[in-house]
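**Q** sequence and predicted structure, then a few things I'm wondering about:
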Amino acid sequence: MAEVKLTPMETNQKPGGDFDVAIVGAGFAGLYMLHRLRGVGLSARVFEAGSGVGGTWFWNRYPGARCDVESMEYSYQFSDELQQEWVWTERYASQPEILRYLNHVADRFDLRRNIQLNTRVLAATFNETAGRWIVETSAGDRVSAQFCVMATGCLSSTNTPNFKGRDRFAGSSYHTGNWPHEGVDFTGERVGIIGTGSSAIQSIPLIAQQASHLFVFQRTPAYTIPAHNNPLDPEVQREVKANYANFRARNKLLPSGLNIRHNEVSALAMSPQERQREYEERWAHGGLPFLGAFADLLLSKEANDTAAEFIREKIRETVRDPVIAEKLSPRTVVGCKRLCVDTEYYQTFNRSNVTLVDVSSSPIEEITKHGLTVKGKEYELDAIVFATGYDAMTGSLLKIDIRGKGGRSLKETWAEGPRTYLGLATAGFPNLFFITGPGSPSVLTNMIPSIEQHVEWIADCVLYVRARGFACIEPTLAAQDAWVSHVNEVAGATLFPTCNSWYLGANIPGKSRVFMPYLGFPPYVEKCDDVAAKNYEGFVLIRGNDDERQATLPVTN
Ligand code: N01
């Protein structure tokens, strides 16, 4: 294979500036990618913008941040010793506990020596002559690697709307996705929170307990189901651990890879009493399993309406002021935006120090020195919390100047929306992989098993390419086009494209409206395995010798 043609000045001055694989991000995905690659004898370096490992769990330190997937599932399974020894304390793990877990993983597997913290990757450029990626960072590194893996996370590029006067505010302001490490004490303050998605719904009840007054600026109400979080029963934990392999194997065969009981019947096939009983049971159980109540909740608007009305009735039962209850009641499709999971969210609106401000028809006009204005009225605030979400799935990738063959940028290439083969790779960008990229099930599944599946597939692919003396691999356009059509077709048969969700990029002005995750777990895993078993069907493998560069395997689509 051709050597990298970099002069000493161009290479990283630090020893070991050339790697088999460069990994961007040290969250769940980057940590396991590093461990896996090292385990098969490859050299890798992880570049991480934060000052610690943990990815989304490093940054999201807002009050109440916790996972909406149960802790016995939201954890790695690649090491049985790890999953046996770690003790989770709550049904749904809090952010500090998950961050402790990830730090434990970094130490336990001695990962830190290959992780460069405080280093943001600014650019990654494919050098066609060398068949290698040149990675440039904010710390001044310029390293080369045969492969580059983007472990940048699906929800890591924060979105702060460009409100008029944003810089004028004299108080303090925070984004939930970039929360101060030392925490924030809102005692005695008038706080405004913008947004009512998952992050806001978790933080509002806790901020309300501290603030002298909390104003919630709501554009679209969200559906939320009580978590019923509690300490994890040691007996339950012991039972799962006694059969962890079976528990994991069974979950992998379930829709979303989550341990959720899915009812196979239509909501419309039940009597109203039977439906009510099912919804009540799900409500009492708590969390995301609510959506498994009936098979057609995301296929039929009529079926979905039954779930929507059930939740609206719960809101009316909980919120004492009928006008506020009505404002909190969504009219959209349940589950079309990510379902939220809460602790005492609706109850919080019964507090005398909480005011709901509806900004659906009259948007926030501007941020002023002392607060913000809606319909000409100024709300005086000491602090503003932006719970305004993320440029999801593509934001963190496109922040990096990624250039593939012919110097073409990923940003240009994806101007009309992301296009990938299996969410793992994109045509024109050889040896570049995405972990849980757009076009893969990712955010519609339990993220950790999905991350592990991608990491293992990528590591196997890298080994395959190298063992057979190839230099590069990239998807064919035909395979990619067919995959993108398939992803769209599957989403198009559901209610998912009917609302303005971040799944569609609809929350970011100017972003192409494309349904980004793939609604096809678990068959997706079989498809990935099948592609690998057929010598990477749908990919082109290229020999290292420049003069003989050629596609060597027949490609069938
Ligand atoms: O962000 P969001 P998030 N004026 O995009 C509003 C995961 N997560 O950080 O709906 C006024 O959901 C916006 O309003 P609208 C989870 O997957 C998981 O809360 O666009 N409002 C919306 O209310 C989740 O889905 C966990 O009309 C504006 C809010 O801001 C994802 O992360 C916890 C506005 C943004 O909600 C993102 O959640 C937290 C404007 N100009 C997050 N612009 C758990 O595991 C935006 N908004 C539990």
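**A** Arrived safely, thanks for sending.
**Q** am I right that Val357 is in a strand?
**A** Yes: assigned with DSSP: H, G, I helix; E, B strand; the rest coil, Val357 falls within a strand.
**Q** that one: how many residues sit nearby?
**A** Counted with other CB atoms under 10 Å, residues neighbouring Val357 total 18. (Each C-beta comes from the backbone N, C-alpha and C, glycine too.)
**Q** same question, Gly50
**A** 17.
**Q** swap in Arg261?
**A** Using other CB under 10 Å, Arg261 is surrounded by 11 other residues.
**Q** check which helix or strand it maps to.
**A** According to DSSP states H and E, Arg261 maps onto no helix or strand at all.
**Q** phi, psi of it?
**A** phi -80, psi 120 (degrees, to the nearest 10).
**Q** going forward, begin numbering at 30 instead of 1
**A** Yep, numbering from 30; the last one is Arg290 now.
**Q** report the contact partners of the residue nearest to Tyr91 when sequence neighbours are not counted.
**A** Using CB to CB, 6 or more residues apart in numbering and skipping residues adjacent in sequence, the residue nearest Tyr91 is Thr205, 4.2 Å away. Contact analysis of Thr205 by CB atoms under 8 Å, 6 or more residues apart in numbering lists Asn89, Tyr91, Ala94, Ser228, Ala229, Ser232, Val414, Phe415, Ala416.
**Q** which pLDDT value goes with Thr205?
**A** We have a pLDDT of 98 for Thr205.
**Q** next one: Thr40
**A** On the pLDDT scale, Thr40 is placed at 33.
**Q** could you pull up the mean pLDDT of stretch 85-100?
**A** For stretch 85-100, mean pLDDT rounds to 98.
**Q** quick one: distance of that stretch to the chain centre.
**A** In terms of CA atoms, centre = their mean, to the nearest Å, the centre of stretch 85-100 is found 12 Å from the chain centre.
**Q** quick one: it near the ligand?
**A** Yes: using CB under 6 Å from any ligand atom, we find that stretch 85-100 touches the ligand at Cys96, Asp97.
**Q** can I get the longest strand along the chain in PDB, CA atoms only?
**A** Selection of the longest strand in the chain by residue count, based on DSSP state E, yields strand 171-179. This file holds the C-alpha atoms of strand 171-179, laid out as PDB (Å, rounded to 0.1, in the frame of the first residue of the first chain):
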ATOM      1  CA  ARG A 171      -2.200  16.900  11.700                       C
ATOM      2  CA  VAL A 172      -2.200  13.200  11.800                       C
ATOM      3  CA  SER A 173      -2.900  10.600   9.200                       C
ATOM      4  CA  ALA A 174      -4.900   7.400   9.400                       C
ATOM      5  CA  GLN A 175      -6.000   4.800   6.900                       C
ATOM      6  CA  PHE A 176      -9.500   4.800   8.300                       C
ATOM      7  CA  CYS A 177     -11.500   7.500  10.000                       C
ATOM      8  CA  VAL A 178     -14.500   6.700  12.200                       C
ATOM      9  CA  MET A 179     -17.000   9.400  13.200                       C
END
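**Q** just read off the phi/psi values of Ser72.
**A** Dihedral angles for Ser72 - degrees, to the nearest 10 - are phi -90, psi 140.
**Q** and the gap between it and the ligand?
**A** Distance, Ser72 to the ligand, using CB to the nearest ligand atom, to the nearest Å: 34 Å.
**Q** my guess is that residue contacts Ile52. True?
**A** No: applying CB atoms under 8 Å as the test, Ser72 and Ile52 come out as separate, 11.1 Å apart.
**Q** between these two, who's got more neighbours?
**A** Legend: neighbour count by other CB under 10 Å for Ser72 and Ile52, higher for Ile52 (32 against 14).
**Q** which parts of the stretch 280-429 of the chain are strands?
**A** Applying DSSP state E, counting those that start in this stretch to the stretch 280-429 of the chain gives strands spanning 369-371, 383-387, 393-396, 400-403, 406-409, 412-415.
**Q** quick one, which of those is nearest to Phe107?
**A** strand 369-371 (26.4 Å; CB to CB).
**Q** where are the low-confidence patches of the stretch 30-179 of the chain?
**A** 30-45 (pLDDT under 70).
**Q** need the residues of it near the ligand, please.
**A** Cys96, Asp97.
**Q** if we can go back for a sec, the residue nearest to Tyr91 and Arg90: what is the separation?
**A** From Thr205 across to Arg90, the span is 9 Å (CB to CB, to the nearest Å).
**Q** got a markdown table for the strands of the stretch 280-429 of the chain, with mean pLDDT too?
**A** Output for the strands of the stretch 280-429 of the chain, formatted as a markdown table (pLDDT from 0 to 100):
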| stretch | mean pLDDT |
| --- | --- |
| strand 369-371 | 98 |
| strand 383-387 | 98 |
| strand 393-396 | 98 |
| strand 400-403 | 98 |
| strand 406-409 | 98 |
| strand 412-415 | 98 |
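**Q** redo those as a markdown table? Include distance to the ligand.
**A** Shown next, in a markdown table, are these (distance: least, CB to the nearest ligand atom, whole Å):
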| stretch | distance to the ligand |
| --- | --- |
| strand 369-371 | 5 |
| strand 383-387 | 10 |
| strand 393-396 | 5 |
| strand 400-403 | 10 |
| strand 406-409 | 13 |
| strand 412-415 | 8 |
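**Q** which one of these lies closest to Ser201?
**A** Closest among the strands of the stretch 280-429 of the chain, using CB to CB: strand 412-415, at 4.8 Å.
**Q** chain center to that closest one: distance?
**A** So, by CA atoms, centre = their mean, the centroid of strand 412-415 is 23 Å from its chain's centroid.
**Q** domains for this structure, by residue range?
**A** 31-82+140-186+421-582, 195-415 (automatic domain parsing).
**Q** my read is Gly212 is in a helix, agree?
**A** No: with three-state DSSP as the criterion, Gly212 is located in coil rather than a helix.
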